[in-house]
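K.L.:
Coordinates for the following, if possible.
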Amino acid sequence: MRLALYQPDIPQNAGALLRLGACLGVPVDLIEPAGFAIDNRRISRAAMDYFAQADLTRHASWERYLADRKPGRLVLLTTRAHVSHLDFAFRPDDTLLLGQESAGVPDGVRQVCDDQIRVPMRPGLRSLNVALAAALVLGEALRQTKGFPEAA
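P.N.:
Have a look, this model is predicted:
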């Protein structure tokens, strides 16, 4: 299981996702360009001291990411999807792709994805924060695949 951040534009959310990945043992792919400097203190403030514990791979572009990415399905989290993450059968080698807070992902990126899922929400509301949505979906994916780290 992996998280992939497509051109993130809010450093605090990227930091929270790096912290999530570090705590749950899930590698994070950061697809650039980002809307901030990766060493920005806002990202490190959100990740706190977990930044050094995160398994982070940076990719210079979407094309570079596609050329270098690990095997497995690319699963896009999007409000446009019709399938709930609760009805989706995750696999241990899935990568959960998260778009920009401000714009999601372009259609060209969407078309490359193997599957698209959404978090069910009340009608009339636009979306969850990307880090919160990722935590909900990643939790379900790790539960299904028995991928949570073992308790010490």
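K.L.:
drop to CA atoms for contacts and neighbour counts, all remaining ones
P.N.:
Fine.
K.L.:
Spell out the secondary structure type for Leu3.
P.N.:
strand (DSSP: H, G, I helix; E, B strand; the rest coil).
K.L.:
quick one, helices of this structure?
P.N.:
Under the criterion DSSP state H, the chain contains helices at 11-24, 41-47, 62-68, 107-112, 130-145.
K.L.:
where does the chain dip in pLDDT?
P.N.:
39-48, 151-152 (pLDDT under 70).
K.L.:
The closest residue to Ala54 other than its chain neighbours - how many residues pack around it?
P.N.:
Once flanking residues are discounted, Ala54 sits nearest to Ala22: 4.3 Å by Cα to Cα, 6 or more residues apart in numbering. By the measure other Cα atoms under 10 Å, the count of residues near Ala22 is 20.
K.L.:
who's in contact with Ala22?
P.N.:
Shown in contact with Ala22 (Cα atoms under 8 Å, 6 or more residues apart in numbering): 50-51, 53-55.
K.L.:
neighbour-wise, which of these leads?
P.N.:
Going by other Cα under 10 Å, Ala54 tops the contacts of Ala22 with 22 neighbours.
K.L.:
returning to that earlier point: mind giving me TSV with the contacts of Ala22 and columns for distance to His85?
P.N.:
Listed next are the contacts of Ala22 as TSV, based on distance: Cα to Cα, whole Å:
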residue	distance to His85
Tyr50	27
Phe51	27
Gln53	27
Ala54	25
Asp55	24
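K.L.:
Pick the one among the residues you listed closest to Asp68.
P.N.:
Asp55 (15.5 Å; Cα to Cα).
K.L.:
thought the closest one was touching Pro27?
P.N.:
Yes. Applying Cα atoms under 8 Å as the test, Asp55 and Pro27 come out as touching, 4.7 Å apart.
K.L.:
Identify the contacts common to those two.
P.N.:
Shared contacts of Asp55 and Pro27 (Cα under 8 Å, 6+ apart): Gly21.
K.L.:
Quick check: the farthest pair among the contacts of Ala22?
P.N.:
Using Cα to Cα, the pair of the contacts of Ala22 lying farthest apart is Tyr50 and Asp55, separated by 10.0 Å.
K.L.:
Can I get stretch 22-34 as CSV, trimmed to CA atoms?
P.N.:
Output of stretch 22-34 as CSV, limited to C-alpha atoms (Å, rounded to 0.1, in the frame of the first residue of the first chain):
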residue,chain,number,x,y,z
ALA,A,22,5.3,7.4,8.8
CYS,A,23,3.0,6.2,11.6
LEU,A,24,1.3,3.5,9.6
GLY,A,25,4.4,2.4,7.7
VAL,A,26,3.0,3.5,4.3
PRO,A,27,5.4,4.9,1.7
VAL,A,28,4.5,8.3,0.2
ASP,A,29,5.2,9.4,-3.4
LEU,A,30,5.2,13.2,-3.9
ILE,A,31,4.6,14.1,-7.5
GLU,A,32,6.0,17.5,-8.3
PRO,A,33,5.7,20.4,-8.9
ALA,A,34,4.3,21.1,-5.5
